[in-house]
Structures are given as structure tokens and as C-alpha cells.
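**Student:** The following block contains a protein sequence and its predicted model.
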Amino acid sequence: MRYAEITGWGKALPPTVLSNADLEQLVDTSDEWITSRSGIKERRISHVAASDMAELAARRAIAAAGVEMEQIDLVINATCTPESIIPASASYVQAKLGAVNAGAMDLNANCSGFVYSYVTADSLVRTGVVDTVVLVGVERLSWVLDYTDRATCILFGDGAGAVVLQPTDTEAGVFGSELGVDGNMADLLAVHGDGTVQPGSSLVPPRIVMQGSDVFRRAVTAMADASEAVVHEAGWDLDDIDLLIPHQANQRIIDATSRRLRLDPARVFLNIHAYGNTSAATIPIALTEAIEVRRVPPRANLVFAAFGGGLTWAAAAVRFGERVTPVGEVDDELPGTDESVWDLLAANFKSFGRLELE
Ligand code: COA
């Protein structure tokens, strides 16, 4: 029997930090409010293109897997902040990697994009369509945030994470999955002013708008229901779960999902305080960090669960492989920057044409 195993993992976080204290200078908010309502303390703002973050995360995952660039059959770039509509950003990632034998595609399911992509990649490997997949989750959400809107700008950040999937004959990969959407509610979380919906729409600065409390209520129910469903589909008891690696949108949503699965904090991975919500990048970043701090034992039973724009949700019950140490590592880092966080946000502010930073 052919299965698909995660054999490599990696992340790339831009170095520039936007703290809650910084946000207090931009909008009417406080560290106490943001921390108690969301769990977020700081997030990263990128000075490089999303494909640069994606490339580094992918290079680290490829080194961890110990595969050659020529072996890669498919690059999937999960993102809702592509660099352009045409070409798909996956083309840039493929080119920067030099993955000369690969196909490449973007997959956009918003914050659920990594889980949607992972379930897709697992199926393609299991069925023999491809052998080696590099799956990146990457976002540059700072580019579509309105830093005058306290309800949204506090929540999101930039970053990338990646995994490599390869075939194996030992039991691994997706044992249960659920992919869901309620398209009728899509307007509850949207970026207006982008895409092809109306002529001239690109003249409007794209910005995220969100009905936060409504999205929150739906996320709590959908993530918990989907997680419970995939555990049952896998034939696991709740006690069999070694680690829940949830989408990092709001600590209170994660807490609700953990309660439903009756998981104590030792079996839930959290890094929301450090990066906020990086949409499709949250789970591969969290998985990489969980492996690095040895919270993923060999053959671990993992649950991935996510919710996001669309309104999408997704979960997967995943058996990890035997190897939890990287085959290789790369020393590369993102290029440094002399720009401050205010310099980086100034470009965003300028694009909105509303505010000047001092
Ligand atoms: N600082 C201070 N006050 C704020 C604020 C901020 N950054 N943002 C909103 N508020 C205010 C609101 O204006 C409101 O004030 P009012 O009562 O005077 O009208 C009050 O806080 C409560 O707002 P509400 O939106 O009901 O708060 P909440 O408890 O729902 O928390 C979120 C807000 C955004 C943290 C929460 O709704 C959330 O996380 N939603 C889901 C986000 C999400 O998961 N999105 C993406 C899915 S991938």
C-alpha cells in the first residue's frame, strides 16, 4: 500500500516585528485588549516578496527531506496574497528554487489553504500521480491590511512555512479529512478592491474587511466540528491525539477546539503570540516549530484544523513519519533590511493614500 509521508519541513519569517505597543501608536487599542481578546503579542512585517519567503521555507523543507531539486514533481503554493493574478505566484517559487522538473500551482482557500493543499497533495502522492511535492503556505497580509482599522490590523502578519511529501509503504499521512465552505457567508471576511469583479476595481486600494464577532462564532463551531469528525474518520479515540496543530487566528478559537477534543495545553501547539494570523502559513510554521522543540514524536497522531475566508474550514487527522530530525539544513537567511517597521508600513499607508507617517 502506498502512503504519503511528510519528509521535510521549514519556515521563513521576516525579521521586522510589529508589536502591540507599536499598534497602540497607530490605532485606538491596547496591549491588554489585543492579548486578552486574541492571544497575539507581535507579528512580522515583510520587506521581501512573498515568493522570497516561500523560497526560503521551501529550501529548508527540501534540505530537511534530503531531496534534490530535480526530484520535485509539483510545487503547490497555498496563498491568498499572491504577487499577481497572472502568473500564479507558484511560478515565481518554482523559478527561484530551480525546480526544473516540477509543475506549479497556487491554491487559494484563504486561511484553510494549507490544509486544503495538504489533503490534495497527500491524495496526489498516494495515488501515484506524483512522487515528490513541495507544499508552501505563504502570506504577505500586511500588504492588504488597513492600518487605520483596529478591528483587523492587529490580527494578521507575514510569513511562510513549507513541507515536502514523498511516497512510503509504511502507514503515514492523511487518515481522515474534511474540507468545508459556506460561500453564502463569504462577505463576512473579504478583501475588496482586488480581482476582476468590477471594472477599474484595481484602482481601489485592496483592504481586508471583516465582521469579526460573526466570523469568530462560526470559526469556533466549524473548527471544533471538523476536528472531531476527522478523528472519528481516522478511527482514533481522543486520547490517541498526540498534538493538535491548529490555525493560529485567535487563542480563544483554539481553546474552544481544544476543549471539544478534550486536549490539555500540552497537546496543543500555540505560537499565535509571536506571529498572529499568517493565514495559509500558520500551520506549516507551527508544525516546523513543533518538530524543532521535539513536540512531534515519531509516528505522532496529529490533527490540523483551520478556518478562514470563504468561509472555508478544513481539518486532517495525520500520522507523521518515523523521522523527526532533518536530513540536512540550509544556512541561507532572508536578506537583511535597514528599514524600520514604520518604513515598511509607510509603503502600505501610501498605497491607501490616507495617512502619512511622521
Ligand atoms: N482594540 C480595542 N477595541 C477594539 C479593537 C481593538 N483592536 N477591535 C475592536 N474593538 C472594540 C469594538 O469596536 C467593540 O467596541 P464596542 O463594544 O464599543 O462596539 C468591542 O471592542 C468588541 O468588539 P468585538 O468585535 O465584538 O470583539 P471580539 O471579542 O469579537 O474580538 C476579534 C474581536 C476580531 C479579536 C474576534 O472577533 C476575532 O478573533 N474574530 C475572528 C477573527 C478570525 O478568526 N478571522 C480570520 C479567520 S481566519
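**Tutor:** Everything's here; your move.

**Student:** okay, CA-based contacts and neighbour counts for the rest of this
**Tutor:** OK.

**Student:** Who are the contact partners of His192?
**Tutor:** Taking Cα atoms under 8 Å, 6 or more residues apart in numbering, we find His192 in contact with 206-209.

**Student:** List, one by one, the residues from the chain near the ligand.
**Tutor:** Counting by Cα under 6 Å from any ligand atom, the residues of the chain close to the ligand are 29, 33-34, 37-38, 111, 150-151, 154, 212-213, 215-216, 249-250, 307-308.

**Student:** Return the members of the residues you listed classed as buried.
**Tutor:** 29, 34, 38, 111, 150-151, 154, 215-216, 249-250, 307-308 (16 or more other Cα atoms under 10 Å).

**Student:** and the residues of the chain next to the ligand, which of them are in strands?
**Tutor:** Counting by DSSP state E, the part of the residues of the chain next to the ligand found in strands is 307-308.

**Student:** how near is the residue nearest the centre of the chain to Leu23?
**Tutor:** In the chain, the centroid-proximal residue (Cα atoms, centre = their mean) is Ala281; its distance is 1.9 Å. Using Cα to Cα, to the nearest Å, Ala281 is found at 22 Å from Leu23.

**Student:** does the closest residue to the residue nearest to the centre of the chain other than its chain neighbours count as helix, strand or coil?
**Tutor:** In this structure, Ala281 finds its nearest non-sequential neighbour in Gly137, 4.2 Å apart by Cα to Cα, 6 or more residues apart in numbering. The three-state label given to Gly137 by DSSP: H, G, I helix; E, B strand; the rest coil is strand.

**Student:** Could you double-check that Gly137 lies in contact with Cys111?
**Tutor:** No - if you go by Cα atoms under 8 Å, Gly137 and Cys111 don't touch, sitting 9.5 Å apart.

**Student:** Just the helices from the stretch 151-300 of the chain, written as ranges.
**Tutor:** Counting by DSSP state H, counting those that start in this stretch, the stretch 151-300 of the chain has helices at residues 212-233, 251-260, 272-275, 282-292.

**Student:** and His328, what element?
**Tutor:** Not His; residue 328 is Gly. If you go by DSSP states H and E, Gly328 is not part of any helix or strand.

**Student:** contacting residues for it?
**Tutor:** Contact partners of Gly328, counting by Cα under 8 Å, 6+ apart, are 63-66.

**Student:** JSON lines please, covering these and showing pLDDT, secondary structure and distance to Thr81.
**Tutor:** Below are these laid out as JSON lines (pLDDT from 0 to 100; DSSP: H, G, I helix; E, B strand; the rest coil; distance: Cα to Cα, whole Å):
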{"residue": "Ala63", "pLDDT": "98", "secondary structure": "helix", "distance to Thr81": "26"}
{"residue": "Ala64", "pLDDT": "98", "secondary structure": "helix", "distance to Thr81": "26"}
{"residue": "Ala65", "pLDDT": "98", "secondary structure": "helix", "distance to Thr81": "27"}
{"residue": "Gly66", "pLDDT": "98", "secondary structure": "coil", "distance to Thr81": "29"}
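
**Student:** From the residues you listed, pick the one nearest Ala346.
**Tutor:** Nearest to Ala346, judged by Cα to Cα, of those is Ala63 at 35.8 Å.

**Student:** Could you double-check that the closest one lies in contact with Leu56?
**Tutor:** No - in terms of Cα under 8 Å, Ala63 does not count as a neighbour of Leu56; the distance is 10.6 Å.

**Student:** Compare the two and say which is more crowded by neighbours.
**Tutor:** Set side by side, Ala63 and Leu56 show more neighbours around Leu56, with 25 against 21, by other Cα atoms under 10 Å.
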